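Chemist: coordinates only, sequence not included:
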């Protein structure tokens, strides 16, 4: 059971988000619900791309709302403060809140993560279907040539139900992706996740396997792992070499999980296919060998970016703040135990 804050009077809520981003994340209805639980204070207009927390934030406010446009949080302001709760509307909290704030008693929730998980999984599923059916290549050729046969008339592609789908990490996104492919009739779904139990796997309808077996058996390998000390570079050149000829690699998570140089070599050679939303260096260099490959789909780190997901992120934060202030359980609290595992 959550313990509510003890504000001096009406809870004061500081929204450390730029006006432009606020309009994307929070509908007027969501802001009205937020005003119904406390006094909402917006930052003054400044034109800055990052909102810095005002002096005295920790003594003047009970709740802090953050997002991508919030400057990193200085834990030194928490000593003996009124501020006891922060709700993050975006993805990872690790670049904004150091782990130290949890040890100092700040309650922290990743309120936007669940909404983004659905959107990210949707793009991974889109990559899966487009690559299996070769939609992108046929479209490119047909648009370029206006020739029915050159565009792929008569080409046989692959259906998703018959594929062995491998999932690296049963994270929130991984679980959403599993649900989606299982809903389309996929019978064999494998997963590698040291934190998942056999009960988790049974509930999801997946088989837990080792990393090497995951690579060797998967027709489609979907990466949904956060970057941690354990996952960084885990899909190295050896693991990539274990993938069967013609296998598809999807990465809508973090580039550092996979050896991009080794993957790129395989993609240029044409042995593998890939759908990639994340890269070692962003923006992707103009001379990247990934451009122009028929066996590769690339997007500019947009997996979580749907209109619906952004609004749902704001709604999720409002719900979590309402829960905190009323003493109800929090759904997406970040604890010291899981902090290092979160994407």
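Modeler: Happy to help now that I have it. Everything quoted here is computed from the prediction, not taken from an experiment.

Chemist: Can you give me the pLDDT of residue 342?
Modeler: Note for residue 342: predicted pLDDT of 81.

Chemist: since we're on it, how many residues are nearby?
Modeler: By the criterion of other Cβ atoms under 10 Å, residue 342 has 18 neighbours. (Glycine included, C-beta is placed from N, CA and C.)

Chemist: begin at 39 from here
Modeler: All set: I'll call the first residue 39, so the last point we hit is now residue 380.

Chemist: Spit out the contact partners of it.
Modeler: 130, 131, 132, 148, 151, 264, 372 (Cβ atoms under 8 Å, 6 or more residues apart in numbering).

Chemist: quick one: the last one and residue 151 touch, right?
Modeler: No: at 9.3 Å, residue 372 does not count as touching residue 151 under the criterion of Cβ atoms under 8 Å.

Chemist: can you give me the helices in this protein?
Modeler: Applying DSSP state H to the chain gives helices spanning 57-63, 66-73, 95-98, 138-141, 151-171, 173-183, 210-221, 236-242, 249-255, 275-280, 298-307, 345-364.

Chemist: where does this protein dip in pLDDT?
Modeler: In the predicted model, the chain carries pLDDT under 70 at residues 39-46.

Chemist: Stretch 131-146: end-to-end distance?
Modeler: From its first residue to its last, stretch 131-146 covers 9 Å (Cα to Cα, to the nearest Å).

Chemist: which parts of that stretch are buried?
Modeler: For stretch 131-146, burial by neighbour count (16 or more other Cβ atoms under 10 Å) applies to 131, 132, 134, 135, 136, 139, 140, 144, 145, 146.

Chemist: Check the burial of the residue nearest to residue 57 when sequence neighbours are not counted by counting its neighbours.
Modeler: Nearest non-adjacent residue to residue 57, counting by Cβ to Cβ, 6 or more residues apart in numbering: residue 83, 7.0 Å away. For residue 83, the count of nearby residues is 8 (other Cβ under 10 Å).

Chemist: just residue 304 next, same as before
Modeler: Residues lying near residue 304 (other Cβ under 10 Å) number 20.

Chemist: hang on, it packs against residue 297?
Modeler: No: between residue 304 and residue 297 there is no contact under Cβ under 8 Å: 10.1 Å.

Chemist: tell me, what's touching the two both at once?
Modeler: Counting by Cβ under 8 Å, 6+ apart, the residues touching both residue 304 and residue 297 are residue 278.

Chemist: quick one: residue 115 and residue 358, what's the gap?
Modeler: The gap separating residue 115 from residue 358 is 22 Å, by Cβ to Cβ, to the nearest Å.

Chemist: okay, these two: which has more neighbours?
Modeler: Taking other Cβ under 10 Å, residue 115 and residue 358 do not tie; residue 358 has more neighbours (26 against 16).

Chemist: wait, the more buried one sits on residue 148?
Modeler: No: using Cβ under 8 Å, residue 358 is not in contact with residue 148; the gap is 9.1 Å.

Chemist: shared neighbours, these two?
Modeler: The contact sets of residue 358 and residue 148 overlap at residue 370 (Cβ under 8 Å, 6+ apart).

Chemist: Go through the contacts of residue 380 and say which is closest to residue 334.
Modeler: Minimum distance to residue 334 across the contacts of residue 380 is 23.7 Å, recorded for residue 264 (Cβ to Cβ).

Chemist: The closest one: neighbour count?
Modeler: By the criterion of other Cβ under 10 Å, residue 264 has 21 neighbours.

Chemist: shouldn't it be in contact with residue 377?
Modeler: No: contact criterion Cβ under 8 Å: residue 264 and residue 377 do not qualify, at 10.8 Å.

Chemist: What is the burial count for residue 279?
Modeler: Using other Cβ under 10 Å, the number of residues around residue 279 comes to 11.
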